[in-house]
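Q: Fold the following, please.
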Amino acid sequence: MGRRAVSVSALALVLVVPLVGAGGADAAAPKVRVKVLARGLDSPRGLAVASNGDLYLAQAGKGGAGPCFIGAEGPTCLGATGKISKIQGTTLSDVVTGLPSLGLQGSGDNAIGPSDVSFNRGRLYATFGLAADPDVRTRATTPIPPGGLGGSALARRLATLNRITTKPGKARQLADIGAFEKARNPDRAAIDTNPNSVVANKNSRVVVDAGGNSLLRVRRNGTVRTMAVFPDEAAVPNPGGTPPTIAPQAVPDSVVRGPDGAYYVGQLTGFPFVKGTATVFRVVPGKAPRVYADGFTNIIDLAFDRNGDLLVLEIARNGLFGPLITQNNAWEGALIRVRKSGGTVRTKTLLTKPLFAPGGITVDGRNIYVSNRSVFAGRGQILRLRVG
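A: Next comes the predicted model:
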């Protein structure tokens, strides 16, 4: 998730359509118990549970002293503040530190860095985001604008998929998603790479590139192939006025494998972030994406619960384009259950408050884990939810 995907401002999707097979919302809202497991985190994002029950999380960090470049939200500076951490019971510890992070100059908020984690057979994988043209990694450092990151080893780790070893804690690059985007540019739009979510399988890893509007498969040898491309949406009025209309890009930012073996992809959507226009797609390898459910707002992550229902996490249920994030409830999130039977889709909002700019979700039995306040340096949280 990044400037075209999960950070704060330059994403895409529009086309207002009714909920697929709309059957309305379920009646009674179940009670949800919330416990804060960790706080004081730096932009916590994707989550995964190990076989022993430990919860692993990606912290995008808070950037650093630089070098810096002009990103979609202003001067953005590099630092080694990204982390992969874990929570064992209620104890938080760091597994890998010193990972690349891009944060807003001064505050360190809206960071781009480690964005998601996924296990397969005890092996842990993580995406590191970028949300920019991958050339910025090697562009010479100059007084901004526009600036560059100078080609340091730290900068070159952005826009990659990595294998994480926990003892000792290390990150080893498996694939350069930025280089693939430069060479292939699956969506044929402006070059922008932001690997934001990953699902690890036996023989491959499936990565969603929110900047590249694509779903990618990475083989064990690091070879990258395109699985699906998500096209621009229909044009809508441009709040900026020039041009009068704008066609938002798709900005897929989350992927999960369903009980049926298909991949489910959620869209953050982007400027002008029209409310109610985000879609969940179902992707079967070798086939074009199909709409599974529609009518959401700024999806940030997906998960399936123990009953096989889809959980949709919205980063801002009222839309990203509007009041400043510092205003009350401007970025109030939402957790929505999607229950599909035959051709009928029913949705139920399970929780809004205390969700505020949530960033990731995973499920382990009756426990639902959510990263909260995910765009703030030093103020992020991990929540445990229990429904019913």
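Q: I'd assumed Gly74 was in contact with Pro145.
A: No - here Pro145 does not reach Gly74: they are 10.1 Å apart, not a contact under Cβ atoms under 8 Å. Placement of C-beta: from N, CA and C, glycine included.
Q: Which of the two has more residues huddled nearby?
A: Taking other Cβ atoms under 10 Å, Pro145 and Gly74 do not tie; Gly74 has more neighbours (13 against 9).
Q: Can you spell out which residues form a bridge with that one?
A: For Gly74, the beta-bridge partners are Gly71 (DSSP bridges).
Q: pLDDT at it, what is it?
A: Looking at Gly74, its pLDDT stands at 86.
Q: Repeat that for the one 4 residues further on.
A: According to the prediction, Leu78 has pLDDT 98.
Q: list the contacts for it?
A: Residues near Leu78 by Cβ atoms under 8 Å, 6 or more residues apart in numbering: Gly63, Gly64, Gly66, Pro67, Cys68, Pro100, Ser101, Leu102, Leu149, Ser152, Leu154, Ala155.
Q: Quick one: which of those residues is the most crowded by neighbours?
A: Going by other Cβ under 10 Å, Leu102 tops these with 34 neighbours.
Q: Only the C-alpha atoms, please, for the helix or strand containing that one, written as CSV.
A: Applying DSSP states H and E as the criterion places Leu102 in strand 91-104. The C-alpha trace of strand 91-104 is given here as CSV (Å, rounded to 0.1, in the frame of the first residue of the first chain):
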residue,chain,number,x,y,z
THR,A,91,5.1,-9.8,24.9
LEU,A,92,6.3,-7.8,21.9
SER,A,93,9.8,-8.4,20.5
ASP,A,94,11.7,-7.5,17.3
VAL,A,95,12.7,-10.3,14.9
VAL,A,96,14.4,-8.3,12.2
THR,A,97,15.4,-4.6,12.5
GLY,A,98,17.2,-2.1,10.3
LEU,A,99,14.8,-2.6,7.3
PRO,A,100,14.2,0.2,4.8
SER,A,101,11.5,2.8,5.7
LEU,A,102,10.3,5.9,3.9
GLY,A,103,8.5,8.4,6.2
LEU,A,104,7.3,12.0,5.9
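Q: Tell me which strands the helix or strand following that strand pairs with, and in which orientation.
A: Remark: after strand 91-104, the chain's next helix or strand is strand 114-120, criterion DSSP H and E. Sheet pairing of strand 114-120 (DSSP bridges) gives strand 123-128 (antiparallel).
Q: Show me what Val387 bridges to in the sheet.
A: In this entry, Val387 is beta-bridged to Val32, by DSSP bridges.
Q: now, among the contacts of Leu78, which is nearest to Ile246?
A: Ranked by distance to Ile246 (Cβ to Cβ), the contacts of Leu78 are led by Leu102 at 25.5 Å.
Q: residues contacting the closest one?
A: Taking Cβ under 8 Å, 6+ apart as the test, what Leu102 contacts is Gly63, Gly71, Thr76, Cys77, Leu78, Ala111, Ile112, Gly113, Leu130, Ala131, Leu158.
Q: can you tell me how far the closest residue to it other than its chain neighbours sits from Ala190?
A: With Cβ to Cβ, 6 or more residues apart in numbering as the criterion, Leu102 has its nearest non-adjacent residue at 4.4 Å, and that residue is Ile112. Ile112 is 17 Å from Ala190, where distance means Cβ to Cβ, to the nearest Å.
Q: okay, the two: which has more neighbours?
A: When Ile112 and Ala190 are compared on other Cβ under 10 Å, the one with more neighbours turns out to be Ile112, at 33 against 11.
Q: Just the pLDDT for that one.
A: Value for Ile112, per-residue pLDDT: 97.
Q: and if you look at the one 3 residues further on?
A: Looking at Ser115, its pLDDT stands at 98.
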